[in-house]
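*Asks:* build me a model:
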Amino acid sequence: MNIMVFDVPAESGGALSILNDFYQEVIENDDKNINWIFVLSKPEYKEFDNITVLNFSWVKKSWFHRLYFDHFVAPKLVKKYNIDKIFSLQNVIIPKTDVEQILYAHQPLPFSGYKFNINENFKFWIYQNLISKKIYNSIKLANKVIVQTNWMKKACTEKADVKSDKIDVIPPKINLNIENTFDKNNKIKTFFYPAGASYYKNHRLIIEASKLLEASNINDYKIILTLNGNENKNIKELYKEVKKYNLPVEFAGRLERDEVFNLYTKSYLLFPSYIETFGLPMLEAKLHKTIILASDKAFSHEILDDYENAYFFDPFDAEELMKYMKKLLVGEISYKKVNSVSKSNNNSLYSEVIKKLN
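*Replies:* Okay, the predicted model is just below:
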């Protein structure tokens, strides 16, 4: 059987992590009865006897290049390689083909309750008002759809007007070798937010909350962000504000995975993002038994509602976040004993895809 995996958007962040994990599972399972053809943009993977990797880096030049690829190049590749099944990791199906397709939908912007206006963020407005229609239609036309969360499944069934049994929920597989957990006996003075630079990650709220803490004469703490400070216009502005007001915010840049896990054991997790499919840092921190301050959104509740040390705040209210941070710093919030924490399910994306394609 010839299976073609499409993921030309994946280049960094969560999308690349999903692709990396799936590719690794294909290698580990080593099913000689399946020929895999990965169609990608820039990521370069090793080829094997039954794994072919096709790179089209020019797809990333513009949206016009992407549209040309989707409508003219991709269907030709399906014919050229005599493909039996398609697995699309890129939120939309491949047009102009009758080959059976499984769609992996993980772009939350079209399903978010928060709507960007065209002046606020043009790219996100495009996603919510134009690309969203393509995604909804792909969900309708795909043979099967996979999402990461129940909230996303509910949103897909409503927006695309499809039956719920067409959509399966497969949370990200988490393989953690947790050596240490949150040090509840140590007086924690550090807050940690491991996130990229996207606007909806909402770093602005943290900076505003820090200003409010400073105004209350509370400055014996530190906030660690996994940013350099020059990622985009928004982050550059926040970096300047941190320097101007001398806020205790550290721009630590990209951290290795073990460094992130170590920080879960000796800091409080902040998670003010208001648009996510699956907020992985929340699950990782939960597994490390960390105290978590998270945005009051459906994706947060799906991960944290059964967790004793989670607190929720309005992601657009800096004062509410500041009050929770202050309570932690002055000891008004006490750590609640956690006996065990359930992980996400152990179903692999690979095994679920194979099950659905057979």
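*Asks:* list the buried ones in the host helix or strand of Tyr324?
*Replies:* Using DSSP states H and E, Tyr324 maps to helix 318-330. Within helix 318-330, the residues scored as buried using 16 or more other Cβ atoms under 10 Å are Ala318, Glu320, Leu321, Met322, Lys323, Tyr324, Met325, Lys326, Leu328, Leu329. No exception for glycine: its C-beta is placed from N, CA and C like everyone else's.
*Asks:* run a quick check on the second one versus Asp314, I expect a contact.
*Replies:* The one in question is Glu320. Yes - using Cβ atoms under 8 Å, Glu320 is in contact with Asp314, at 5.3 Å.
*Asks:* which other helices and strands contact whichever helix in the chain runs longest?
*Replies:* For the chain, the helix that runs over the most residues, judged by DSSP state H, is helix 13-29. Judged by 3 or more Cβ pairs under 8 Å, 6 or more residues apart in numbering; DSSP states H and E, helix 13-29 is in contact with strand 2-7, strand 35-40, helix 349-357.
*Asks:* now mean neighbour count and distance to Trp151 too, for the ones you listed, in JSON lines please.
*Replies:* Below are these laid out as JSON lines (neighbours: other Cβ atoms under 10 Å; distance: least, Cβ to Cβ, whole Å):
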{"stretch": "strand 2-7", "mean neighbour count": "23", "distance to Trp151": "23"}
{"stretch": "strand 35-40", "mean neighbour count": "22", "distance to Trp151": "29"}
{"stretch": "helix 349-357", "mean neighbour count": "17", "distance to Trp151": "19"}
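*Asks:* need those in JSON lines (columns: mean pLDDT and distance to Lys337).
*Replies:* Compiled in JSON lines, these are given as follows (pLDDT from 0 to 100; distance: least, Cβ to Cβ, whole Å):
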{"stretch": "strand 2-7", "mean pLDDT": "96", "distance to Lys337": "42"}
{"stretch": "strand 35-40", "mean pLDDT": "96", "distance to Lys337": "46"}
{"stretch": "helix 349-357", "mean pLDDT": "79", "distance to Lys337": "34"}
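*Asks:* would you turn these into TSV with distance to Ala215?
*Replies:* Shown next, in TSV, are the helices and strands packed on helix 13-29 (distance: least, Cβ to Cβ, whole Å):
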stretch	distance to Ala215
strand 2-7	46
strand 35-40	49
helix 349-357	47
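*Asks:* contacts only, for the nearest residue to Tyr127 once chain neighbours are set aside.
*Replies:* In this structure, Tyr127 finds its nearest non-sequential neighbour in Leu109, 4.2 Å apart by Cβ to Cβ, 6 or more residues apart in numbering. Leu109 makes contacts with Phe124, Tyr127, Gln128, Ser132, Ile275, as judged by Cβ atoms under 8 Å, 6 or more residues apart in numbering.
*Asks:* give me the element the first one is part of.
*Replies:* To tie it back to what came earlier, the one meant is Phe124. Counting by DSSP H and E, Phe124 is part of helix 122-126.
*Asks:* what sits up against that helix?
*Replies:* Here helix 122-126 has contacts from Trp63, Leu109, Phe116, Asn117, Ile118, Tyr199, Tyr200, using Cβ under 8 Å, 6+ apart.
*Asks:* sec struct for the residue of the chain most remote from its centre, please.
*Replies:* Farthest-out residue of the chain from its mean C-alpha position, per Cα atoms, centre = their mean: Asn217, at 35.3 Å. Recorded secondary structure, Asn217: coil (DSSP: H, G, I helix; E, B strand; the rest coil).
*Asks:* going forward, the N-terminal residue is numbered 43.
*Replies:* Sure thing, new numbering starts at 43, so read that last one as Asn259.
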